[in-house]
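Peer 1: turn this into a structure:
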Amino acid sequence: MKGVPMLQMTVAMAIFGSIGFFTGKTGIPAAELVFVRCICATLFLGLCWLVAGQHKVEVWRKREVIQTIVCGVFLVLNWVFLFKAFEEMSITVAITLYNLAPIFVLIIGSVVLKERMTVPSLLAIVTCFLGSILIIGIQNVTSFTDFVGSGFVWAILSAVCYAMTMLIGKGITGLSAYAMTFVQTAIGIVMLWPFMNFTEFIGLTDSNWLYIIGTGLIHTGFVYYLFFNSLRKLSTVVISALVFVDPVVAILLDVLILDFQPSGLQTGGILLIFGGIVYTIVKQEKEVVSSD
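Peer 2: Down below sits the predicted model:
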C-alpha cells in the first residue's frame, strides 16, 4: 500500500519547507542552530535505530563508513550554509537557489567523474544559470562585498554541498538510513563543537526556545523519521515529484506570512530554475527507465 508512505513523504517535505520560517524565529546564528539540530537528530534517530533493533543487523564496511563520514561533513556544511543564506536573503530566493543541487550533481559528475554531458543537460544548466542571475537581481549588486553580502554565495555553497552529499551517498547500500544519519549528525556535533559560541543561548525568550526545539525535534528528528520510513517504499519518480512540496511550502510561507514580494525578474528567475530542475529530473528518470 503506497498511500501511507506517500503521505509520510508529503508531510516530511511540507515540514521541511517551513524550516526557513522557523530559522528566522530562533534568535541564534546558523552554526549554533545546526549544532542543536545535530544533537536532536542524533538522540532522536539513534533511539529509533535502537528501538527498531536495526543496530543488531548493521553491516559495517570500512569504505562505507568513510563515505558516510565524508557525507556527514558535507551534510552539516550544507545546513550551515543554507541557514546563513536565510539570514541574508529571503527564504524564497535562498530555497530556490538551494534546489539547484541536481544541476550541480550534473556539473560535478561531468567534471570530476568524467560523466558524459548531453546537450539537454547543458541546456538545463544554462537555463538555471540565467534564472540565478535574474533571481539575485544582479543589477543591484555594485561591488564584490554587495555580492557576498547578498547571501547568494551561501545559498550556492549549500546547493553544492547538498549535491556532494547525494553523489558520495549513492554508493552506500550496506548501512541502514538510520545508521547513516546517526553517524553523520554525530560527526556534525564533533565538527561544530570547537566553533560554538554558547553565549548566543543566553537571554533567549521562551518563543526563541520553542522555535529552536521545534527545529531540532520536528524539522530534524521527526521529519527524518518520516522521510527514511517512506524513502525505500516509493519509486524514484514519486520521490522526485514529492520533493517539490518543500520549496512550494517555503515560498508560500515567505509570501503569505513574511510578506515577501518577488519582482517580475525574480519571478522569471524562479520559473527558469525550477523549469530546468524539473526537466533534468524527468530526463534522468526516462534514461533510467530506458536502460532497465
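Peer 1: so how far is L253 from the nearest residue to I19 once chain neighbours are set aside?
Peer 2: Excluding the flanking residues, the one nearest I19 by CB to CB, 6 or more residues apart in numbering is H219, at 4.9 Å. Heads up, the C-betas are built off the backbone N, CA and C, glycines and all. Relative to L253, H219 is positioned 13 Å away (CB to CB, to the nearest Å).
Peer 1: give me the common contacts of those two.
Peer 2: S18 (CB atoms under 8 Å, 6 or more residues apart in numbering).
Peer 1: quick one: the strands in the stretch 151-292 of the chain, in order.
Peer 2: Counting by DSSP state E, counting those that start in this stretch, one finds no strands in the stretch 151-292 of the chain.
Peer 1: the residue nearest to I19: neighbour count?
Peer 2: 22 (other CB atoms under 10 Å).
Peer 1: can you pull the pLDDT of it?
Peer 2: H219 carries a pLDDT value of 86.
Peer 1: so what's it up against?
Peer 2: With contact set as CB under 8 Å, 6+ apart, H219 has these partners: I15, F16, S18, I19, F22, R37.
Peer 1: can you tell me, leaving aside adjacent residues, what's nearest to the first one?
Peer 2: Counting by CB to CB, 6+ apart, the nearest residue to I15 once its immediate chain neighbours are dropped is V223, at 4.9 Å.
Peer 1: that neighbour: what's it in contact with?
Peer 2: A12, I15, F16.
Peer 1: among the residues you listed, who's most crowded?
Peer 2: A12 (25 neighbours).
Peer 1: where does it fall, secondary structure wise?
Peer 2: helix 3-17 (DSSP states H and E).
Peer 1: restricting to C-alpha, output that helix in CSV.
Peer 2: Below are the C-alpha coordinates for helix 3-17, written out as CSV (Å, rounded to 0.1, in the frame of the first residue of the first chain):
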residue,chain,number,x,y,z
GLY,A,3,-0.7,5.6,0.3
VAL,A,4,0.9,5.7,3.8
PRO,A,5,4.5,6.1,2.5
MET,A,6,3.3,8.9,0.1
LEU,A,7,1.5,10.7,2.9
GLN,A,8,4.6,10.4,5.2
MET,A,9,6.9,11.7,2.5
THR,A,10,4.5,14.6,1.7
VAL,A,11,4.2,15.6,5.4
ALA,A,12,8.0,15.4,5.7
MET,A,13,8.6,17.6,2.7
ALA,A,14,5.9,20.1,3.9
ILE,A,15,7.6,20.4,7.3
PHE,A,16,11.0,20.7,5.6
GLY,A,17,9.5,23.7,3.7
